[in-house]
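Trainee: what follows is a predicted protein model with its sequence.
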Amino acid sequence: MDFVKKGSIVREIWGNTDIILFIFAGAAAEFSLNRAVDWLYFTGKLPKDPLGRLFSTVAYAQKIVFSTSEEAHAAIDQITMIHKHVEAARSTQIPDWAYRDVLFMLIEYSIRSFEVLERKLSSAEKEEIFDTFYRMGQRMQITGLPQNFSAWQIQHAQQLAENLAYSPLSKDLFRQYKKHLGTARYFLMREIQALIVPSKVNHLLQLGKGKLIIPILWTYKMSRSFHMHKAIRNLILPSKYKAQILSLGTV
């Protein structure tokens with residue numbers, strides 16, 4: 001049995017390279033503001049390779065989406081084990097709200113990214129996205145998870161209000177993004193983030209309205225009609241991560 005059934009909107013989202021890149025951009029913004037971001041700095045891996053660290057999170061999520069239930073459970077258990085090792089090294093536990101926040105990001109940016117790039121999702125499709133990551137959270141034994149999409153919306157709004165703050169680590173993380181992406185790609189990332197992040201995240205990071213990316217995005221969407229979008233996209237991907245990024249999607 002597949003963890004996510006074939007034909008699911010979740011597979012459509014997580015099989016599309018462009019959508020995955022937007023999910024990454026949104027998560028990169030919100031990650032920097034999370035009150036538990038110090039956990040990501042503890043091992044030293046995040047500041048040394050912030051893009052690789054975030055892509056690995058996205059890659060794990062995608063692997064789970066396209067796996068059988070048995071394979072997905074094994075991958076989720078591996079994630080749990082990795083975190084347990086980090087907790088042991090720091091002699092304290094990662095709070096459950098921090099696990100929920102990451103899970104909520106995957107739900108949130110799956111929805112937001114698809115709607116910016118493709119179309120509005122139905123209530124049933126949003127529920128399906130929620131259910132996928134809810135089952136992931138259940139397997140990780142995360143407590144306090146909402147039971148349905150409506151409850152998630154309420155809890156997510158509360159999480160955004162309580163668990164985000166701009167800190168010196170936020171500033172450093174964006175400095176690392178710029179260093180690893182270069183000025184032009186960094187500009188594109190911030191413009192994409194401005195389009196898809198919640199207003200609280202936008203306000204804290206002062207991302208603006210993303211007006212400059214709108215005509216670029218419109219042109220890119222038009223290029224799909226001429227089958228030129230992949231060539232355009234591949235030109236702007238950072239060479240260090242190009243193979244890794246392209247392996248994530250089928251579209």
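Mentor: Structure's in. What do you need?

Trainee: now do the SS call for L121.
Mentor: Three-state assignment for L121 (DSSP: H, G, I helix; E, B strand; the rest coil): coil.

Trainee: what are the phi and psi angles of it?
Mentor: Main-chain dihedrals, L121, degrees, to the nearest 10: phi -90, psi 150.

Trainee: and the pLDDT at it?
Mentor: Confidence at L121, expressed as pLDDT, is 98.

Trainee: okay, now it: neighbour count?
Mentor: 18 (other C-beta atoms under 10 Å). Backbone N, C-alpha and C define where each C-beta goes, glycine included.

Trainee: do R112 as well
Mentor: Neighbour count for R112, taken as other C-beta under 10 Å: 19.

Trainee: packing partners for the helix or strand hosting it?
Mentor: Per DSSP states H and E, R112 falls inside helix 96-117. Judged by 3 or more C-beta pairs under 8 Å, 6 or more residues apart in numbering; DSSP states H and E, helix 96-117 is in contact with helix 9-14, helix 17-33, helix 123-139, helix 149-162, helix 183-196, helix 213-223.

Trainee: quick check: buried residues in the next helix or strand after the fourth one?
Mentor: The one in question is helix 149-162. Of the helices and strands lying after helix 149-162 in sequence (DSSP H and E), the nearest is helix 168-181. For helix 168-181, burial by neighbour count (16 or more other C-beta atoms under 10 Å) applies to L169, S170, D172, L173, F174, Q176, Y177, H180, L181.

Trainee: contacts for helix 168-181, please.
Mentor: 28, 31-33, 37-38, 41, 46-47, 49-51, 186, 189, 204-205, 238, 240 (C-beta atoms under 8 Å, 6 or more residues apart in numbering).

Trainee: which among those residues count as buried?
Mentor: With burial judged by 16+ other C-beta under 10 Å, the buried subset of those is 28, 31-33, 37, 46-47, 49-51, 186, 189, 204-205.
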